[in-house]
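# turn this into a model:
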Amino acid sequence: MRTDLGLWVLELPNDFQEIVTVLNEYRGRLRLLAVGSSDFTLHLAATVDEISSIKIPHAVTELSADCGFAIEVIASP
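Sure, this is the predicted structure:
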């Protein structure tokens, strides 16, 4: 965690279910990071083709709501 940059980096697996499992392990810390933050965001990057869609599972959005972070997905070819 780089508090001087206001950035906490965690390498996540490619599977959403595994992402939920990892983030659940950090649920307490994630809640603390949200306190006093005006822009607490989970940034996800995905490589897609022109017709792909990215579906965010309900478990991820529940975790987002519970821990107070937004979700940003950046898709690139």
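# lowest average confidence, helix or strand, in the protein?
Considering only helices and strands, the least confidently modelled element of the chain by mean pLDDT, DSSP states H and E is strand 41-47, at a mean of 82.
# for that strand, name the packing helices and strands.
strand 70-76 (3 or more Cβ pairs under 8 Å, 6 or more residues apart in numbering; DSSP states H and E). C-beta: built from backbone N, CA, C; applies to glycine.
# got a list of contacts for the strand it packs on?
Strand 70-76 has contacts (Cβ atoms under 8 Å, 6 or more residues apart in numbering) with 39-48, 52, 54, 56, 60-61, 64.
# from those residues, list just the buried residues.
Using 16 or more other Cβ atoms under 10 Å as the burial test, those include 40, 42, 44, 60, 64 as buried.
# Phe16 reaches Val60, doesn't it?
Yes - counting by Cβ atoms under 8 Å, Val60 is a contact partner of Phe16 at 6.1 Å.
# state the distance from Asp66 to Arg31.
Distance, Asp66 to Arg31, using Cβ to Cβ, to the nearest Å: 8 Å.
# let me fix that: Glu72
19 Å.
# likewise for Leu10?
Taking Cβ to Cβ, one finds Leu10 at 15 Å from Arg31.
# hmm, back to that, of the buried ones among the contacts of strand 70-76, which is the nearest to Arg27?
Here the nearest of the buried ones among the contacts of strand 70-76 to Arg27, counting by Cβ to Cβ, is Ser64; it sits at 11.4 Å.
# tell me how many other residues crowd the nearest residue to the closest one once chain neighbours are set aside.
In this structure, Ser64 finds its nearest non-sequential neighbour in Ile71, 5.5 Å apart by Cβ to Cβ, 6 or more residues apart in numbering. Per other Cβ atoms under 10 Å, the neighbour tally for Ile71 reads 13.
# next: the one 4 residues further on.
Counted with other Cβ under 10 Å, the neighbours of Ala75 add up to 13.
# distance check, it against Glu50.
Counting by Cβ to Cβ, the gap from Ala75 to Glu50 is 10 Å.
# below-threshold pLDDT in the chain: ranges please.
For the chain, applying pLDDT under 70 flags the ranges 1-6.
# can you pull out the helices in the chain?
16-25, 27-34, 58-67 (DSSP state H).
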